[in-house]
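> Just to be clear, the model below is a prediction. Sequence and coordinates:
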Amino acid sequence: MSTYPKYVMAIDQGTTSSRAIIFDHQGEIVSVGQLEHEQIFPRAGWVEHDPLEIWRNVRKVVADAEASADINTREIAAVGITNQRETTVVWDRTTGQPVHNAIVWQDTRTQPLVEELAGDAGMDRFQERTGLPLASYFSGPKIRWILDNVDGAREKAERGDLMFGTTDSWLVWNMTGGVDGGVHVTDVTNASRTMLMNLDTLDWNEEICAEMGVPVSMLPEIRSSSEVYGKGRTRGFLKDVPIAGILGDQQAAMFGQACFEKGMGKNTYGTGSFVLMNVGTEVVPASHGLIGTVCYKIGEQPAVYALEGSIAVTGALVQWLRDNLGIISSAAEVEPLAASVEDNGGAYFVPAFSGLFAPHWRPDARGALVGLTRYVTKAHVARAALEATAYQSREVVDAMDAASGSAITELRVDGGMTANELLMQFQADQLGVPVVRPAVTETTALGAAYAAGIAVGFWYDTEEVARNWAEDKRWTPAMDGDRRERLYRNWKKAVTKSEDWVDADVD
């Protein structure tokens, strides 16, 4: 193809910041623009963002990324969007104004509504159809909350005057003209996180929408993850550039890691961790504490599905050692401290600070540090904290192997904790399969860029993208099987000590 245009841009609209990253044809980063946005906490457990601030910031970071590399908009072949999933924006289609702040995925205000919806049917009431258990995490109940609690919102929604979207939809609508003909779309990966989409047929389930109290007229059109949705129409901002890829952040990381074959999996190590496994083009029923989700869909090709397991606390435990206990003064100190001892000294740390997520789903659990003797030092505690991340990840991978009937053969990893070599080696030892870190660690933004680039022919197909993927470092299992299983057995015993802690007497 011609050398012009030469680049693809990804807009990464995340939980704490918005970024624009420009990539070249080799998938290398050319430039980055980034701005944080305000985290709004109106009450305990409530988390909000200002959608107008996010839209302003996205325009600024795009301009910054272009300016810092002296790149003209005409040199950009396409733009892809990846986004914080489940975060819910409801806005007026006639004014373009949000009717309420965005309700963020972490927000728990809808828990009473979730319990009411569960009723006698239980938390898995919609799971067979949507892949998701009833939880405050997902978008559907958040939409309902806004309609029930904002004056006049339900009446406007019933008249067809309100629109819902996750932040990808909000951005695309504004980028393609807003009130002047803006395109109202989302992709299958984000739609699969609303609790309103049929996982098998990839369309809105009108019965669930009715039971949830959400008018179907509010919902965006569900499209594939890689196609041209429209072109930039905002004056001076990506004018006439095709907007051609949308992927929720964890699915974008799968795409950026080139996990295109059935059985491939990745783990993103952040504040918490998200493990996804490609299970192919057939829906695998959610089981073993995992959820079913769409991995990606390229144009007219069949959708590819994934199993997902989310872990609440991994990197956050290192922050806790630093900020709450003062065992370390910076996160980087945890590795040398942990490496100063040969093992955990018999100590196990279960970081169930707000309950356990996958595969246990025990909101009654609380953090536990067990197996203590006078021999245990702060170095053993640091090591136990790192090992907790590997044990929790193994629990999810084991559940995936059991649910899918096929074992992960290697785990591709990204996120900040992959710089910790002690943890990565222990992860490989616990999984019994290689752990591989890529050369480009910005896998989320890269995945969105690849999806957009494939749609416009900048990259030919996933095979070309897979050839771009390059390995930076590989850790192979080195621990003998007996020791591996003994440590894991003790970990599982430690987990039982954290469960059933919260009851009527203990908040």
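That came in fine, so what should we check first?
> And the pLDDT at the most centrally placed residue in the chain?
Centroid-nearest residue in the chain: residue 250, 3.6 Å away (criterion: CA atoms, centre = their mean). Here the pLDDT value assigned to residue 250 is 92.
> quick one: it and residue 307 touch, right?
No - distance between residue 250 and residue 307: 11.7 Å, which falls outside the contact criterion (CB atoms under 8 Å). Any C-beta I mention is one placed from the backbone N, CA and C, and that applies to glycine too.
> Overlap of the contact sets of these two?
Contact criterion CB atoms under 8 Å, 6 or more residues apart in numbering; residues shared by residue 250 and residue 307: residue 276.
> quick revisit: tell me which element the residue nearest to the centre of the chain is part of?
helix 249-256 (DSSP states H and E).
> repeat for residue 338
Using DSSP H and E, residue 338 sits within helix 334-339.
> just checking, what packs against that helix?
Judged by 3 or more CB pairs under 8 Å, 6 or more residues apart in numbering; DSSP states H and E, the packing partners of helix 334-339 are helix 378-404, helix 421-431.
> same thing but at 10 Å, please
helix 315-320, helix 378-404, helix 421-431 (3 or more CB pairs under 10 Å, 6 or more residues apart in numbering; DSSP states H and E).
> out of these, which comes closest to residue 255?
Residue 255 lies closest, by CB to CB, to one member of the helices and strands packed on helix 334-339: helix 378-404, at 18.3 Å.
> Could you list the buried residues of that closest one?
Going by neighbour count (16 or more other CB atoms under 10 Å), the buried part of helix 378-404 is 378-401, 403-404.
> what's the answer for stretch 474-484, then?
Within stretch 474-484, the residues that count as buried by 16+ other CB under 10 Å are 475, 477, 484.
> swap in stretch 213-220?
Result for stretch 213-220 [16+ other CB under 10 Å]: buried residues 213-215, 218-220.
> Give me the pLDDT value at the residue in the chain sticking out farthest from the centre.
Within the chain, the residue lying farthest from the chain centre (CA atoms, centre = their mean) is residue 374, at 40.3 Å. Residue 374 is assigned a pLDDT of 95 by the prediction.
> and it, what helix or strand is that in?
Following DSSP H and E, one finds residue 374 outside all helices and strands.
> That one and residue 345: what is the separation?
Residue 374 is 10 Å from residue 345, where distance means CB to CB, to the nearest Å.
> Do I have it right that residue 17 meets residue 11?
No - Residue 17 is not in contact with residue 11 according to CB atoms under 10 Å; the separation is 11.5 Å.
> Need the residues touching each of those two.
residue 61 (CB atoms under 10 Å, 6 or more residues apart in numbering).
> more crowded one of those two?
residue 11 (31 against 14; other CB atoms under 10 Å).
> Phi first, then psi, for that one.
For residue 11, the backbone dihedrals are phi -100, psi 120 (criterion: degrees, to the nearest 10).
> Just grab the bridge partners of it for me.
As for beta bridges, residue 11 partners with residue 20, residue 81 under DSSP bridges.
> May I have the residues that are in contact with it?
Counted by CB under 10 Å, 6+ apart, residue 11 has contacts 18-21, 33, 58, 61-62, 65, 79-83, 167-168, 171-172, 175, 238, 243, 245-246, 445, 448-449, 452.
> Which positions within stretch 483-492 qualify as buried?
484, 487-488, 490-491.
> Tell me which residues are up against it.
Stretch 483-492 has contacts (CB under 10 Å, 6+ apart) with 343-344, 346-350, 370-371, 384, 387-388, 390-392, 394-395, 398, 426, 429-432, 477, 479-480.
> Please report the separation between the first and final residues of stretch 273-292.
Terminal residues of stretch 273-292 are spaced 17 Å apart (CA to CA, to the nearest Å).
> ok, and for that stretch, which residues are buried?
Buried residues in stretch 273-292 (16+ other CB under 10 Å): 273-280, 283-284, 286, 288-292.
> Find me the pLDDT at residue 507, would you?
As predicted, residue 507 sits at a pLDDT of 49.
> returning to what we had before: out of the helices and strands packed on helix 334-339, nearest to residue 199?
Closest among the helices and strands packed on helix 334-339, using CB to CB: helix 378-404, at 14.5 Å.
> Which is the succeeding secondary structure element to that closest one?
Using DSSP H and E, the helix or strand that follows helix 378-404 towards the C-terminus is strand 411-414.
> And that following strand, what does it pack against?
Counting by 3+ CB pairs under 10 Å, 6+ apart, strand 411-414 packs on helix 249-256, strand 265-269, strand 273-280, helix 378-404, helix 421-431, strand 435-438, helix 443-455, strand 471-475.
> Isn't the residue nearest to the centre of the chain up against residue 189?
Yes - counting by CB under 10 Å, residue 250 does reach residue 189; the two are 8.4 Å apart.
> if I look at those two, which residues touch both of them?
By CB under 10 Å, 6+ apart, the residues touching both residue 250 and residue 189 are 82, 85, 293, 295, 306.
> Check the gap between the first one and residue 446 for me.
Read it as residue 82. Distance from residue 82 to residue 446, by CB to CB: 9 Å.
> quick one, which of the two is more surrounded?
Taking other CB under 10 Å, residue 82 and residue 446 do not tie; residue 82 has more neighbours (36 against 32).
> ok, now how distant is the more buried one from residue 251?
Taking CB to CB as the measure, residue 82 falls 8 Å from residue 251.
> What of residue 102?
Counting by CB to CB - residue 102 and residue 251 are separated by 20 Å.
> can you check residue 362 too?
For residue 362, the distance to residue 251 (CB to CB) stands at 26 Å.
> which of these two has more neighbours?
Neighbour count, other CB under 10 Å: between residue 362 and residue 251, residue 251 has more, with 34 against 17.
> Disregarding residues adjacent in the polypeptide, which is nearest to that one?
Of all residues not flanking residue 251 in the chain, residue 189 sits nearest, at 4.2 Å (CB to CB, 6 or more residues apart in numbering).
> How far does stretch 344-352 sit from its chain's centre?
27 Å (CA atoms, centre = their mean, to the nearest Å).
> For it, what does the pLDDT average out to?
On average, the pLDDT along stretch 344-352 is 95.
> do the same with stretch 385-403
95.
> For residue 102, give its distance to residue 83.
11 Å.
> which neighbours do the two share?
When contacts are counted by CB under 10 Å, 6+ apart, residue 102 and residue 83 have 54, 165-167, 170 as shared neighbours.
> Export these as a markdown table, with columns for secondary structure, distance to residue 462 and pLDDT.
Output for these, formatted as a markdown table (DSSP: H, G, I helix; E, B strand; the rest coil; distance: CB to CB, whole Å; pLDDT from 0 to 100):
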| residue | secondary structure | distance to residue 462 | pLDDT |
| --- | --- | --- | --- |
| 54 | helix | 30 | 97 |
| 165 | strand | 27 | 96 |
| 166 | coil | 24 | 97 |
| 167 | helix | 25 | 96 |
| 170 | helix | 28 | 97 |
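> Closest one of these to residue 26?
residue 167 (28.6 Å).
> Buried residues in stretch 121-131, which are they?
Those would be 125-127, 129-131, for stretch 121-131 by 16+ other CB under 10 Å.
> Inside helices: which ones of these?
127, 129-130 (DSSP state H).
> Turn these into a markdown table, including pLDDT and distance to residue 415.
What follows is those, written out as a markdown table (pLDDT from 0 to 100; distance: CB to CB, whole Å):
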| residue | pLDDT | distance to residue 415 |
| --- | --- | --- |
| 127 | 90 | 28 |
| 129 | 92 | 32 |
| 130 | 93 | 27 |
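> Distance to residue 366 for those - can I get that in CSV?
Listed next are these as CSV, based on distance: CB to CB, whole Å:
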residue, distance to residue 366
127, 26
129, 33
130, 30
